[in-house]
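>>> sequence first, predicted model second:
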Amino acid sequence: MGEIGYVIIELEEVDSTNLYAERLLSKGTVEEGTVIQAKHQIAGKGQGENRWESLPGQNLTFSIVLHPRFLEPGCQFHLNKAICLGILDFLSAYVDRAVVKWPNDILIDSKKVGGILIQHSVEGEILETTIVGIGLNVNQTKFDHNLTRAASLFQILHQELKLKEALVLLCNAIEGRYSLLRGNEIEKLEFDFCEALLGFQEKRIFLLNGEEIQGIIRGVDEFGRLLVEHPGNNTKTYAHKEIQYLMK
Ligand code: BTN
């Protein structure tokens, strides 16, 4: 069982590190914890149909190959929690205001500094492989005008980070949380994830079927669906994209 980041494949340029990981896996075994990092992704993938834009050599764009066979496929979201918390643990050395915008955007001061793209592959009842793609905006100083909600750590901390060192620290932090998952410490992950959630236990406005609706985030269920309590003690569960959190 390899540690996350024990093997790092460094690429100058690639379409997407997630795609590279897929190709590697299709050719044979890839050791757990292998990291594929690229200086430049020419077709970085974001959630859904989105692209992930990142200027060459300024940020972290990488994928981790995991084999979480110990996790029941229905409990995949626990892995999501562990990854988000690992990223927050890493960030906590620099800033204490990082939060998770459900399900897995990493925000500081309402700006998105990091995104995660997780691809699972299940064989029978076994969660055989998971590719965890992470984009973290580190040293970039300017973003395309369309990306009004994007920011880098540099813009927030006014401090440049060495990417190589940052990657090692980040991998260690994720390893810490992945070990909790391996050790079945789900309650701790759940508790910490809820604490890290933007809007947890706060009255907020959401967009549901085009209408604004008030609600309080009470947590997430085992499938990662958001639990929102609406006025009148009426708690509902929502899948990703079904409900939208309105940013202030
Ligand atoms: C999001 O839309 O929030 C998810 C972004 C994930 C981006 C990372 S960058 C490294 C990895 N390779 C990709 O093509 N995407 C992920």
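In hand now; what should we look at? Bear in mind that the values here come from a model prediction, so they are computed numbers and not experimental data.

>>> from here on, contacts and neighbour counts on C-alpha atoms
OK.

>>> helix/strand/coil for Asn172?
Following DSSP: H, G, I helix; E, B strand; the rest coil, Asn172 is assigned to helix.

>>> how near is Thr130 to Leu147?
28 Å (CA to CA, to the nearest Å).

>>> of those two, who's got more company?
Each of Thr130 and Leu147 has its neighbours counted (other CA atoms under 10 Å); Thr130 has more, 23 against 12.

>>> residue contacts, that one?
Shown in contact with Thr130 (CA atoms under 8 Å, 6 or more residues apart in numbering): Val65, Leu66, His67, Pro68, Ile118, Gln119, His120, Ser121.

>>> report the buried members of those residues.
Using 16 or more other CA atoms under 10 Å as the burial test, those include Val65, Leu66, His67, Pro68, Ile118, His120 as buried.

>>> does the nearest residue to Ile126 once chain neighbours are set aside belong to a helix, a strand or coil?
Sequence neighbours aside, Arg69 is the residue nearest to Ile126 in space, at 5.7 Å (criterion: CA to CA, 6 or more residues apart in numbering). Counting by three-state DSSP, the backbone at Arg69 sits in coil.

>>> hmm, Arg69 is touching Glu125, no?
No: assessed by CA atoms under 8 Å, Arg69 is found out of contact with Glu125, at 9.2 Å.

>>> between those two, which is the more surrounded one?
Neighbours were counted for Arg69 and for Glu125 using other CA under 10 Å; Arg69 has more, 16 against 11.

>>> how far away is that one from Ala21?
Counting by CA to CA - Arg69 and Ala21 are separated by 18 Å.

>>> what's the answer for Lys188, then?
30 Å.

>>> Leu88 now?
For Leu88, the distance to Ala21 - CA to CA - is 24 Å.

>>> Gly114 too?
Gly114 is 20 Å from Ala21, by CA to CA.

>>> kindly report the same for Gln37.
10 Å.

>>> now the common contact residues for the two.
With CA under 8 Å, 6+ apart as the test, Gln37 and Ala21 both reach Ser63.

>>> more neighbours: which of these two?
Gln37 (26 against 22).

>>> that one pairs with what?
The partner list for Gln37 in beta bridges (DSSP bridges) reads Glu10, Phe62.

>>> which residues sit in contact with it?
Neighbours of Gln37 in contact, by CA under 8 Å, 6+ apart: Ile8, Ile9, Glu10, Leu11, Thr17, Leu60, Thr61, Phe62, Ser63.

>>> check which helix or strand the closest residue in space to the last one that isn't next to it in sequence maps to.
Of all residues not flanking Ser63 in the chain, Gly133 sits nearest, at 4.1 Å (CA to CA, 6+ apart). Gly133 is part of strand 126-136 when elements are defined by DSSP states H and E.

>>> what do you get for Arg23?
Arg23 is part of helix 17-27, with elements assigned from DSSP H and E.

>>> what does that helix rub up against?
For helix 17-27, the surrounding residues in contact (CA under 8 Å, 6+ apart) are 14, 30, 36-38, 41, 44-45, 61-63, 65, 131-133.

>>> kindly indicate which of the residues you listed lies nearest Leu226.
Taking CA to CA as the measure, Leu226 lies nearest Val132 of the contacts of helix 17-27, at 21.1 Å.
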